[in-house]
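Engineer: Just the structure for this:
(one chain, ligands or ions: 2)
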Amino acid sequence: MADVILELQAVAKHFRSADGHQRSVLEGVDFALRDGEIVALLGASGSGKSTLLRILAGLITADAGSVLYRGQPLYGPARGISMVFQSFALFPWLTVQQNVELGLEARGVAPEARASRAESAIALIGLGGFEGALPRELSGGMRQRVGIARALVTDPDVLLMDEAFSALDVLTGERLRDDILALWQTPQMPTRAMLVVSHNIEEAVLMADRVLVFASDPGRVQQALPVTLARPRDPDSAEVRALVDEVYALMTHRPLRAARPAALAGQPAAALLAERLPEADVSRMDGLLDLLAEPPFNGRAHLPLLAEETELTDAELLPVAHAVALLGLAQLEAGDLQLTPLGQRYVAGHHGLRQQLFGQQLLAHVPLAAHIRQVLEQSPSGELPDKPLLRLLADQLGDREAARVLHTVIDWGRHGEVFEYNVTTRQLRLPTDEEGDDSAVA
Ligand SMILES: Nc1ncnc2c1ncn2[C@@H]1O[C@H](COP(=O)(O)OP(=O)(O)OP(=O)(O)O)[C@@H](O)[C@H]1O
Ligand SMILES: [Mg+2]
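Structural biologist: Numbers count the residues shown, from 1 in each chain. Ligands and ions are numbered 1, 2, ... in the order given. Okay, the predicted model is just below:
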């Protein structure tokens, strides 16, 4: 086995939410990055991937466990570790050259040496001639090249990339990724190992020697898949397609839903309610189910084919697939999505029947929706402000995720006519009879 360069042992990280509650983001994370390898990290939004990367970069500290760089504990940013951010993180008032030199300045490199090293890094990443340009004069792809040049100028051992391509349009992102992979094969690039966080399964398979799938709540490495194909890899080859399928299957594997209520019976109610509902709006779920029912799929489809057909990215499609599975309208199995008999009734039904089935499934499978409905039925005014719900969710999920989950359950609840929401007063309430009548005739 090659030498370990960067290592995490039993790492944990907690954050405190606004009201002082502690939330566990990472728990028991073991990870080793070895000399000569590229590792890709996939996982749901909010699962803690960026937090993990920031710990590895020495930008934040772990609360428990150890972080070792070449066998030594890591305290703060290390000379040999560089990071590339999704947002590029350039200074708008500095030129390309000045932005790239910054990394060296912080390390006390003399001005002349800085200039020539920055020029080489800029040339290496294909931006020669643009040294004097300001970030706003560059396209998104070129800006990210500046971000990469700034990371490479220090000759890092380890390059950490946090969704470095996802703010770019698809073609630009792919070109930059291929350029980095080409550089990786040349001796000009000093980097010995890369860790790449991605939302794109194909990208992970094309880049990595190992694909890791991260689980949420708390975040930890759940699955690992080695990729032994030589690079450059052909995205259309049977081998790559098979691996993409395999990762899809790993990512859609969930413990059986039926076992849930019993298994969770002993847990505090808040934990049960604060489920990270997949980010899927009703129109996308409807669209996906309709597409699935039609030829050529006729009720069952391979997720990669669905992604192609819907022109959704993995990060967009997977939550929608999880959502319809969560509601029992479809089943996920080994990277396939299949309509259940109930799902078939749903797609064949008119609007009113769809709403009714959706509402019924929502109450049966989403404890948060059932809880809101129950509180509303017991409330003298028939109303409930969103604030206490947000607070309850934020304790478990953090403020941003809490808002997202509440938004999702409201979208679903409205479609299923389980409850209504008034955006102005920020009150949830039971659906009025009028609307109930409407749906009956719709
Ligand atoms: N400084 C912080 N203070 C409080 N909570 C934080 C902080 N940083 C991250 N979190 C919370 O930790 C969780 C994990 O965040 P993180 O950004 O690591 O996830 P991620 O997997 O990178 O998500 P994404 O795919 O959306 O980038 C989130 O719920 C986030 O709100
Ligand atoms: Mg992130």
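
Engineer: which SS state does Leu26 fall under?
Structural biologist: Per DSSP: H, G, I helix; E, B strand; the rest coil, the secondary structure class of Leu26 is strand.

Engineer: Now do the same contact list for the residue of the stretch 51-200 of the chain found nearest ligand 1.
Structural biologist: Per CB to the nearest ligand atom, Thr51 is where the stretch 51-200 of the chain lies closest to ligand 1, at 3.4 Å. (Each C-beta comes from the backbone N, C-alpha and C, glycine too.) For Thr51, the contact set (CB atoms under 8 Å, 6 or more residues apart in numbering) comprises 13, 25-26, 60, 219.

Engineer: and of the residues you listed, the nearest to ligand 1?
Structural biologist: Using CB to the nearest ligand atom, the contacts of Thr51 come closest to ligand 1 at Val25, 4.1 Å.

Engineer: now the closest residue in space to that closest one that isn't next to it in sequence: how far from ligand 1?
Structural biologist: Excluding the flanking residues, the one nearest Val25 by CB to CB, 6 or more residues apart in numbering is Gly48, at 4.6 Å. Distance of Gly48 to ligand 1, computed by CB to the nearest ligand atom, to the nearest Å: 4 Å.

Engineer: Gly48 is in contact with Ala215, isn't it?
Structural biologist: No - between Gly48 and Ala215 there is no contact under CB atoms under 8 Å: 9.4 Å.

Engineer: Comparing these two, which residue is more hemmed in?
Structural biologist: Taking neighbours as other CB atoms under 10 Å, Gly48 and Ala215 compare with Gly48 leading, 24 against 17.

Engineer: how about the more buried one, what does it touch?
Structural biologist: 13, 25-26, 214, 216, 218-219.

Engineer: Got the phi and psi for Ser379?
Structural biologist: phi -80, psi 130 (degrees, to the nearest 10).

Engineer: Any idea how many residues pack against it?
Structural biologist: When neighbours are counted by other CB under 10 Å, Ser379 registers 13.

Engineer: Confirm that Gln331 sits in a strand.
Structural biologist: Yes - assessed with three-state DSSP, Gln331 lies in a strand.

Engineer: need the contact list for it.
Structural biologist: Contact analysis of Gln331 by CB under 8 Å, 6+ apart lists 325, 337-340.

Engineer: any idea where the strands of the stretch 101-250 of the chain begin and end?
Structural biologist: 158-162, 193-197, 210-215, 220-226 (DSSP state E, counting those that start in this stretch).

Engineer: Let's have the ones you listed in TSV, adding distance to ligand 1 and mean pLDDT.
Structural biologist: Listed next are those as TSV, based on distance: least, CB to the nearest ligand atom, whole Å; pLDDT from 0 to 100:
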stretch	distance to ligand 1	mean pLDDT
strand 158-162	7	97
strand 193-197	7	97
strand 210-215	7	92
strand 220-226	12	88
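
Engineer: Distance to Val39 added to these, as TSV?
Structural biologist: Converted to TSV, the strands of the stretch 101-250 of the chain look like this (distance: least, CB to CB, whole Å):
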stretch	distance to Val39
strand 158-162	10
strand 193-197	5
strand 210-215	5
strand 220-226	9
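
Engineer: so which of those strands gets nearest Arg404?
Structural biologist: Nearest of the strands of the stretch 101-250 of the chain to Arg404, taken as CB to CB: strand 210-215 at 18.1 Å.

Engineer: relative orientation of the closest one and strand 193-197 in degrees?
Structural biologist: Angle, strand 210-215 to strand 193-197, by axes from the mean of the first three to the mean of the last three CA atoms, to 10 degrees: 40 degrees.

Engineer: for the contacts of Gln331, which one is nearest ligand 1?
Structural biologist: Nearest to ligand 1 among these, with distances taken as CB to the nearest ligand atom, is Ala325, at 20.4 Å.

Engineer: Which element, helix or strand, includes the closest one?
Structural biologist: Applying DSSP states H and E as the criterion places Ala325 in helix 314-326.

Engineer: From Arg414, how far out is Glu420?
Structural biologist: 6 Å (CB to CB, to the nearest Å).

Engineer: what's the burial count for Ala242?
Structural biologist: By other CB under 10 Å, the residues close to Ala242 number 10.

Engineer: again with Ser66
Structural biologist: 12.

Engineer: ditto for the one 4 residues further on
Structural biologist: The number of residues packed around Arg70, counting by other CB under 10 Å, is 15.

Engineer: quick one: what helix or strand has the closest residue in space to it that isn't next to it in sequence in it?
Structural biologist: Setting aside the residues directly before and after it, Arg70 is nearest to Ile5 in space (CB to CB, 6+ apart), at 6.2 Å. Using DSSP H and E, Ile5 sits within strand 4-16.

Engineer: That strand pairs with which strands, parallel or anti?
Structural biologist: When sheet partners are counted by DSSP bridges, strand 4-16 sits next to strand 22-34 (antiparallel), strand 64-69 (antiparallel).

Engineer: Nearest to Arg175, out of these?
Structural biologist: For these, the distance to Arg175 is smallest for strand 22-34, at 25.6 Å, taking CB to CB.

Engineer: Output the contacting helices and strands for the helix or strand that comes right after that closest one.
Structural biologist: Tracing the chain C-terminally past strand 22-34 and defining elements by DSSP H and E, one meets strand 38-43 next. Contact here means 3 or more CB pairs under 8 Å, 6 or more residues apart in numbering; DSSP states H and E; on that basis strand 38-43 packs against helix 49-56, strand 193-197, helix 201-207, strand 210-215.

Engineer: count of residues packed around Gly71?
Structural biologist: The number of residues near Gly71, taken as other CB under 10 Å, comes to 9.

Engineer: Run through the residues that contact it.
Structural biologist: Val4.
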